[in-house]
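Enquirer: got a sequence here, can you build the structure:
(2 chains)
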Amino acid sequence: MRAVVTVIGKDNVGILHKVSEVCAEMSVNIIEVTQSVLQDMFAMIMLVDITDMNRDFAELVDGMTNLGSKLGLSIHTMHEDIFNSMHNI
Amino acid sequence: MLNIYNILETIRMIQDECLDIRTITMGISLLDCIDTNIDRACEKVYSKITSKAGNLVEVGQKIEKEYGIPIVNKRISVTPISMLAAACPNESPVKFAKALQKAADTCGVNFIGGYSALVHKGFSAGDEALIKSIPEALDITQNICSSVNIGSTKSGINMDAVKLMGEIVKETAERTADRDCIGAAKLVVFCNAVEDNPFMAGAFHGVGEPDCEIHVGVSGPGVVRSALSKYPDAPINELADIIKKTAFKITRMGQLVGARASELLGVPFGIVDLSLAPTPAIGDSVAHILEEMGLEMCGTHGTTACLAMLNDAVKKGGVMASSTVGGLSGAFIPVSEDAGMIDAAVAGILSLEKLEAMTAVCSVGLDMIVVPGEISPETISAIIADEAAIGMVNTKTTAVRLIPAIGKKEGEMLEFGGLLGSGPVMPVKEKSAAKFINRGGRIPAPMHSLKN
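Expert: Okay, the predicted model is just below:
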């Protein structure tokens, strides 16, 4: 099972570090990181493996959202199924 | 494979374009709760609903977290209560309304629909008592919705019921006049009502449905409008293709959420309602889609054509995205719940007559329309009859949800707040249809109902 973490907002020092820290704490494995400036915004997209996660998925969502509000960024954590079902037939 | 543009598109739809799951609605059959003792029947109703839907809200919230998509409403629809009331002829059906309200409070759902009666061909035991109790039931409860089916293509229009419903709508508004006549906003009169509708106020759980199931209603007018805005000069057939693609994506999400809810609740998946349901929020308006197509304001000439194309494209795009499509499926045009419709009605461009024409080509009918408080019950009945005739002849569902603004006149506003929004009092014709309505009887079913 995989999830997608997206970080959108103003660039800053240490974003990747702090997001990875939350992942590591919950035993969430980072598979892929893409970072670019798209449609006038800085965007980082992280694909993570949640199969061996040691917490509830909701805790990862809340952890990331809280981190986002602390850093003034918008961080969303969503199960990959939503993207797959919406964009693939 | 996941692609960065797709990911950003999904997030933009949810964050900026108000994409949401409008409702997950659990349909629950109450046929096994019928009892000649009304108190015992009410107990059975309460325990069946709470045992089936006890964790509906919790599951809804879990799915919201998992997929990052808001699920605005968690609702329940039940077997038309008139069928339960039929077994208790000397009791007031209002007791059932109280039991439903208690169940809604325990489950924490937004609405329970099904305080309903199906009288398209005539009244059977329980129907008349239930209909007459609607004003009181909607007055003393907060989260109960009521609907009455007064006509169908197969059976014609029951004009006695049409007459009665004019009186009931007016009385319901009067009883809740101190609360902006909110009672009438929870009451809808149908022709060709569907049995698996997840949307309120018209949801009920038909007798042909399984014991318990989950329906999903999606929404996304903002997403469609935004997609169209990227093609300011495209011919209309290209716009139709863009709407189809967008509707496909929106519906796929509904299918995903419905399947997940069904899995978590251990209840079969019913249908996805392919719908464009607006809210009063800026950027969530069906009227604004029509304006994006090239109308200066919704309600002007050309509105019906634009809406017909939109409604058709939504269905074509959505139908492949879901394994089972049902409910009302189409674009909704509730005036008070749509920022663009409200503006157009205030400006006097969107009239009741235009809305009536629009209902011939889109989902449902005259919805959330505020009319003067002085309106006579016969005029309400006549509006219901007109709308039912459109539904009957065109073999489609039509509905009337009028709110007589007691004590208010044309030009004033009613404020419901929340998803129900606000609406200006719209003018109605002054000449009477009372003689026609008072005739009673039944409008025979049209020729094309004879299909066998």
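Enquirer: neighbours around B:Ile38, how many?
Expert: 20 (other C-beta atoms under 10 Å in any protein chain shown). C-beta here means a position set from N, CA and C on the backbone, and glycine is covered the same way.
Enquirer: now do the contacts for whichever residue of chain A sits closest to chain B.
Expert: Nearest to chain B, among the residues of chain A, is A:Met78, at 3.7 Å (C-beta to the nearest C-beta). By C-beta atoms under 8 Å, 6 or more residues apart in numbering or on different chains, A:Met78 lies in contact with A:Ala3, A:Val4, A:Thr6, B:Thr10, B:Glu66, B:Tyr67, B:Gly68, B:Ile69.
Enquirer: again, but for B:Glu374
Expert: The neighbours of B:Glu374, taking C-beta under 8 Å, 6+ apart as the test, are B:Lys409.
Enquirer: for it, give its distance to chain A.
Expert: When C-beta to the nearest C-beta, to the nearest Å is applied, the distance between B:Glu374 and chain A equals 49 Å.
Enquirer: so that residue versus B:Phe204, what's the distance?
Expert: Separation of B:Glu374 from B:Phe204 (C-beta to C-beta, to the nearest Å): 31 Å.
Enquirer: just to revisit the earlier point, let's have the contacts of A:Met78 in CSV, adding neighbour count.
Expert: Shown next, in CSV, are these (neighbours: other C-beta atoms under 10 Å in any protein chain shown):
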residue, neighbour count
A:Ala3, 25
A:Val4, 22
A:Thr6, 23
B:Thr10, 24
B:Glu66, 20
B:Tyr67, 25
B:Gly68, 21
B:Ile69, 22
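Enquirer: and B:Gly302, what does it touch?
Expert: B:Gly302 sits in contact with B:Gly294, B:Leu295, where contact means C-beta under 8 Å, 6+ apart.
Enquirer: and it, its phi and psi?
Expert: phi 110, psi -10 (degrees, to the nearest 10).
Enquirer: check what pLDDT it gets.
Expert: On pLDDT, B:Gly302 comes in at 97.
Enquirer: can you check B:Ala345 too?
Expert: For B:Ala345, pLDDT reads 96.
Enquirer: number of residues surrounding the residue nearest to it when sequence neighbours are not counted?
Expert: Leaving aside its chain neighbours, B:Ala345 sits nearest to B:Pro424 (5.2 Å; criterion: C-beta to C-beta, 6 or more residues apart in numbering or on different chains). Using other C-beta under 10 Å, B:Pro424 has 24 other residues around it.
Enquirer: now swap in the one 10 residues further on and tell me
Expert: For B:Ala434, the count of nearby residues is 16 (other C-beta under 10 Å).
Enquirer: next one: B:Asn438
Expert: Neighbourhood size, B:Asn438 [other C-beta under 10 Å]: 11.
Enquirer: that one is in contact with B:Ser376, isn't it?
Expert: No. Counting by C-beta atoms under 8 Å, B:Asn438 sits too far from B:Ser376 to count as a contact (11.4 Å).
Enquirer: state which helix of chain B is the longest.
Expert: For chain B, the longest helix by residue count, based on DSSP state H, is helix B:236-265.
Enquirer: again, but for chain A
Expert: helix A:57-71.
Enquirer: next to chain A, which bits of the stretch 151-300 of chain B? Give me the list.
Expert: Residues of the stretch 151-300 of chain B lying near chain A by C-beta under 8 Å from any C-beta of the partner chain: B:Lys249, B:Arg252, B:Met253, B:Gln255, B:Leu256.
Enquirer: let's see 6 Å
Expert: Applying C-beta under 6 Å from any C-beta of the partner chain, we find that the stretch 151-300 of chain B lies next to chain A at B:Lys249, B:Arg252, B:Met253, B:Leu256.
Enquirer: which among those residues end up buried?
Expert: B:Lys249, B:Arg252, B:Met253, B:Leu256 (16 or more other C-beta atoms under 10 Å in any protein chain shown).
Enquirer: tabulate those (JSON lines), appending pLDDT.
Expert: Output for these, formatted as JSON lines (pLDDT from 0 to 100):
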{"residue": "B:Lys249", "pLDDT": "93"}
{"residue": "B:Arg252", "pLDDT": "93"}
{"residue": "B:Met253", "pLDDT": "92"}
{"residue": "B:Leu256", "pLDDT": "94"}
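Enquirer: just those residues now: which is nearest B:Leu138?
Expert: B:Met253 (32.9 Å; C-beta to C-beta).
Enquirer: now the closest one: closest residue in space, sequence neighbours ignored.
Expert: Excluding its sequence neighbours, the residue lying closest to B:Met253 (C-beta to C-beta, 6+ apart) is A:Met86, at 5.6 Å.
Enquirer: equivalent analysis for B:Leu328, please.
Expert: Excluding the flanking residues, the one nearest B:Leu328 by C-beta to C-beta, 6+ apart is B:Ser363, at 4.8 Å.
Enquirer: my guess is the one you found contacts B:Gly330. True?
Expert: Yes. Between B:Ser363 and B:Gly330 a contact is recorded at 2.7 Å, counting by C-beta atoms under 6 Å.
Enquirer: can you list the residues of chain A near chain B?
Expert: When proximity is defined by C-beta under 6 Å from any C-beta, chain A lies next to chain B at A:4, A:6, A:34, A:45, A:58, A:61, A:76, A:78-79, A:82-83, A:85-87.
Enquirer: from those residues, which land in helices?
Expert: Among the residues of chain A next to chain B, the members falling in helices (DSSP H) are A:Ala58, A:Val61, A:Ile82, A:Phe83, A:Ser85, A:Met86, A:His87.
Enquirer: just the buried members of these?
Expert: Buried subset of these (neighbour count, 16+ other C-beta under 10 Å): A:Val61, A:Ile82, A:Phe83, A:Ser85, A:Met86, A:His87.
Enquirer: contacting residues around the fourth one?
Expert: When the contact criterion is C-beta atoms under 6 Å, 6 or more residues apart in numbering or on different chains, the partners of A:Ser85 are B:Arg252, B:Leu256.
Enquirer: mind listing what's buried in stretch B:352-361?
Expert: Neighbour counts over stretch B:352-361 (16+ other C-beta under 10 Å) mark B:Leu352, B:Lys354, B:Leu355, B:Glu356, B:Met358, B:Thr359, B:Ala360, B:Val361 as buried.
Enquirer: quick check, the last one in contact with B:Ala308.
Expert: Yes. In this structure, B:Val361 is within contact of B:Ala308 by C-beta under 6 Å, at 3.8 Å.
Enquirer: near chain A, which residues of the stretch 1-150 of chain B show up?
Expert: Residues of the stretch 1-150 of chain B lying close to chain A by C-beta under 6 Å from any C-beta are B:Leu2, B:Ile4, B:Asn6, B:Ile7, B:Thr10, B:Ile11, B:Lys65, B:Glu66, B:Tyr67, B:Gly68.
Enquirer: packing partners of the helix or strand the fourth one falls within?
Expert: Mapping B:Ile7 onto the secondary structure by DSSP states H and E places it in helix B:4-16. Here helix B:4-16 is seen to pack against helix A:80-87 when contacts are counted using 3 or more C-beta pairs under 6 Å, 6 or more residues apart in numbering or on different chains; DSSP states H and E.
Enquirer: find me the pLDDT at the closest residue to B:Gly373 other than its chain neighbours, would you?
Expert: Spatial nearest neighbour of B:Gly373, chain neighbours left out: B:Ile406 (4.1 Å); criterion: C-beta to C-beta, 6+ apart. At B:Ile406, the model reports a pLDDT of 96.
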